[in-house]
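*Asks:* fold the following for me, if possible:
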Amino acid sequence: MIVSKPKTTALFALGIFIIICFGMGSYALRAILNNVGVWYHYLVSGLFLPIAFILLLRQVLSYKLIKVGENMITVEYPFKRKFKTFKISDIINWKEVIIKTKNAPFKQLEISFDKFLLKLSVQENTNYDLLLKYLKKKAAKKQV
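*Replies:* Below is the predicted model:
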């Protein structure tokens, strides 16, 4: 069974950015609440706190584990306590999108099901190559 989940490095980098945003926003909000706030404290707290909160919420709600094996694909959202199971035969189509960038190519795998689109990227998910090889073996006719 192939298990693909978000890479620790991607989660760590985004987590550091969220902590910095919360820190800057909290510092500015504390200055405002202590009546020593200047105009830029309002700007910093109004900008960084919503960004940090939205990114944190998005990251928690979009965290997913993909399990592939035995002609089944299971997408599990542990923080939502939801999971979806699909058969390989339920795949409408799939494709690998490759975008050339300055450093390394950006690769993204898009798997289309009825009313569901699963996207995985090589930079953010583990076992990307194994999943791609599995799809080429089991659902080669549905590749776009």
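
*Asks:* now do the contacts for residue 99.
*Replies:* Residue 99 is in contact with 105, 106, 108, counting by CB atoms under 8 Å, 6 or more residues apart in numbering. (Glycine included, C-beta is placed from N, CA and C.)

*Asks:* and if we set it to 6 Å?
*Replies:* Contacts for residue 99 were tallied using CB atoms under 6 Å, 6 or more residues apart in numbering; they are residue 106.

*Asks:* helix or strand: which one has the spatially closest residue to residue 38 that is not a sequence neighbour?
*Replies:* Nearest residue to residue 38, sequence neighbours excluded (CB to CB, 6 or more residues apart in numbering): residue 31, at 7.7 Å. Per DSSP states H and E: residue 31 is located in helix 8-33.

*Asks:* buried residues in that helix?
*Replies:* Neighbour-count burial for helix 8-33 flags 14, 18, 21, 22, 24, 25, 28, 29, 31, 32 (criterion: 16 or more other CB atoms under 10 Å).

*Asks:* show me what contacts the second one?
*Replies:* Under the criterion of CB under 6 Å, 6+ apart, the neighbours of residue 18 are 52, 55, 56.

*Asks:* from the residues you listed, pick the one nearest residue 133.
*Replies:* Proximity of those to residue 133 (CB to CB) peaks at residue 55, which lies at 32.4 Å.

*Asks:* for the closest one, helix, strand, or coil?
*Replies:* helix (DSSP: H, G, I helix; E, B strand; the rest coil).
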